[in-house]
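Trainee: Coordinates only, no sequence provided:
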């Protein structure tokens, strides 16, 4: 076999191998949940992600708004730890529900129960830095 053809074949094979290893987050497959499963997902402010119940369809969860963030800031002295609350949009293919997430929320979707829990909200408030709202990310646990 000629060295030029061999080199060309190796380059083409390498290209397909490398391109198959990269993953575009916008086209990643939905997280599939069966009874007893849970998954934690991190969503940027004004972004969304998909999850599936494996039988009744796919859902989209969006971090729609920051309702409140009264957590005691780094560098502060507080008598109360404070709380954070966000608004999420849950789209089930036909309807959009707007929900407030502060404590675990149990919700029936197509006759199946899911529990949504706000695990973390970052960045954490600080006395020494101001954050643009677009910097916020929420980690949400979804349990079926």
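Mentor: Nice, thanks for sending it over. Treat the numbers as computed from the prediction; the structure is a model and nothing was measured.
Trainee: For residue 59, which residues count as its bridge partners?
Mentor: Listed by DSSP bridges, the beta-bridge partners for residue 59 are residue 51.
Trainee: does it really touch residue 109, like I thought?
Mentor: Yes. Using CB atoms under 8 Å, residue 59 and residue 109 qualify as a contacting pair, with a distance of 6.7 Å. Heads up, the C-betas are built off the backbone N, CA and C, glycines and all.
Trainee: Those two: which is more packed in?
Mentor: Neighbour totals were compared for residue 59 and residue 109, and residue 59 leads with 21 against 17 (other CB atoms under 10 Å).
Trainee: mind checking how far that one is from residue 97?
Mentor: Separation of residue 59 from residue 97 (CB to CB, to the nearest Å) stands at 10 Å.
Trainee: Next one: the nearest residue to residue 43 once chain neighbours are set aside from residue 116, what distance?
Mentor: Spatial nearest neighbour of residue 43, chain neighbours left out: residue 63 (4.3 Å); criterion: CB to CB, 6 or more residues apart in numbering. The spacing between residue 63 and residue 116, counted by CB to CB, is 12 Å.
Trainee: any common contacting residues for the two?
Mentor: Counting by CB atoms under 8 Å, 6 or more residues apart in numbering, the common neighbours of residue 63 and residue 116 are residue 88.
Trainee: These two: which has the busier surroundings?
Mentor: In this view residue 63 and residue 116 are compared by other CB under 10 Å, and residue 63 has more residues nearby, 24 against 18.
Trainee: What score does residue 99 have for pLDDT?
Mentor: Reading off the confidence values, residue 99 has pLDDT 86.
Trainee: Verify the stated contact: the residue nearest to residue 43 with residue 45.
Mentor: Yes. If you go by CB under 8 Å, residue 63 and residue 45 touch, sitting 5.4 Å apart.
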